[in-house]
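In: here are the coordinates; sequence isn't available:
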C-alpha cells in the first residue's frame, strides 16, 4: 500500500517538474548545415546559480539575522529576501526555517534551534539546500495537482477537500497565538505574494491557477506529514486503550522508540510541541479512525514524508543542455 500510494502521488506531482529536466525533443536532433554547426551551451540563470550554491558546496551559509518587527513583519521581510534569489537568499531561507520553529540538523548530527519547543520538528540541512536549489530552478506544483494526488491515490480522501483544507489551515495559522505556527503560515503566504505569478492564499484562491513553489510545497508537506503522525499516534493510543493485543502494543511502542523507524519519525523531535502546533487538522479530523489503515503499517505520515524526500532528490540532477548552430 505504501508503494502504490507513493507512486500515485509522485505520478501527479512530478508532472510539474521544471522544463529544464525535459527532453530537448526532436527539434534538437535536426542536422544543421555544416557551416553553422557550432555547439552552444546554455547558461544557467543567476537565480539558479545563487539558489543552488549551498547544495553544490555541501554546506548551508550562516542564517541571516531576523529583521526587526513583529512575527508578521519578519516573515514578510524574509520571504521578500528569499524571492530575490540572490547570494543572500539561502541564508534568509535558513533564518525563516528557524523562525518557523524547526530545528535544523547538520551533517554531523548537531541541531540548530532558535525557538524553544517550536514546531517539534527537525529538517536536515541537506533538505533545505535541496529545496533552495529546486526553488532556483523554478520547480512548482499547482495546488489542484497536490489535491488530486491525494484524492486519486487514497479512496478515503475522495470527499476530503485537500486544497481547501490547505488554504483553511494557513488562514487559521496566520491568526494563531503560537509564534511558530503564525510565522510558518505567514511565510508561506508571503512567498506566494512574491512569486511569479503572484498569488494570495488569504484571498480568493483558484487551485488550478495557484502554483506552489518548491519552498511552499516542502513546508506544507513536512507539516502535513507531522499532522498525520500525530493523528496516527492518537489512533494507536485509542486502539490500545480498547485492546490488549500484541499488535496494538507494538504499534504504540513504535511511537515511544528513540530510534527513527521511517522518514516521518525522523522528522519529529517533540510530540508535545507537535500536537500543540497542528496546522492541517481538518484533514486528519475528516479521516478520523480510518487514518491508520490509509497508509498501511507505515502510515500516511511516512508516505507523505517519503514522497517529499523523493521530490527533493530531484535536486541531485545536474542538467546541461547544448544546441547545434542557431
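Out: Good, I have the coordinates. If you're wondering where the values come from, they're calculated on a predicted model, not measured in any experiment.
In: Can you report how many residues neighbour residue 193?
Out: 16 (other Cβ atoms under 10 Å). No exception for glycine: its C-beta is placed from N, CA and C like everyone else's.
In: who touches it in this structure?
Out: Residue 193 is in contact with 79, 199, 200, counting by Cβ atoms under 8 Å, 6 or more residues apart in numbering.
In: and what of residue 201?
Out: Going by Cβ under 8 Å, 6+ apart, residue 201 touches 167, 170, 171, 188, 189, 192, 210.
In: mind checking the SS state of residue 278?
Out: Here residue 278 is recorded as coil under DSSP: H, G, I helix; E, B strand; the rest coil.
In: still on that earlier bit, which one of the contacts of residue 193 is nearest residue 223?
Out: Checking the contacts of residue 193 against residue 223 by Cβ to Cβ gives residue 79 as the nearest, at 16.6 Å.
In: Can you check the pLDDT for the nearest residue to that closest one once chain neighbours are set aside?
Out: Once flanking residues are discounted, residue 79 sits nearest to residue 190: 3.5 Å by Cβ to Cβ, 6 or more residues apart in numbering. Residue 190 carries a pLDDT value of 98.
In: Residue 208 versus residue 52, what's the distance?
Out: Residue 52 is 30 Å from residue 208, where distance means Cβ to Cβ, to the nearest Å.
In: and if you look at residue 81?
Out: Residue 81 is 29 Å from residue 208, by Cβ to Cβ.
In: Next: residue 165.
Out: Using Cβ to Cβ, residue 165 is found at 17 Å from residue 208.
In: So for those two, which sits in the more crowded spot?
Out: residue 165 (22 against 12).
In: thinking again about what came up before, could you dump the contacts of residue 193 into a markdown table with pLDDT added?
Out: Formatted as a markdown table, the contacts of residue 193 follow (pLDDT from 0 to 100):
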| residue | pLDDT |
| --- | --- |
| 79 | 98 |
| 199 | 95 |
| 200 | 96 |
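In: before we move on, back to that, among the contacts of residue 201, find me the one that's closest to residue 57.
Out: Within the contacts of residue 201, distances to residue 57 taken as Cβ to Cβ reach their minimum at residue 188, with 26.8 Å.
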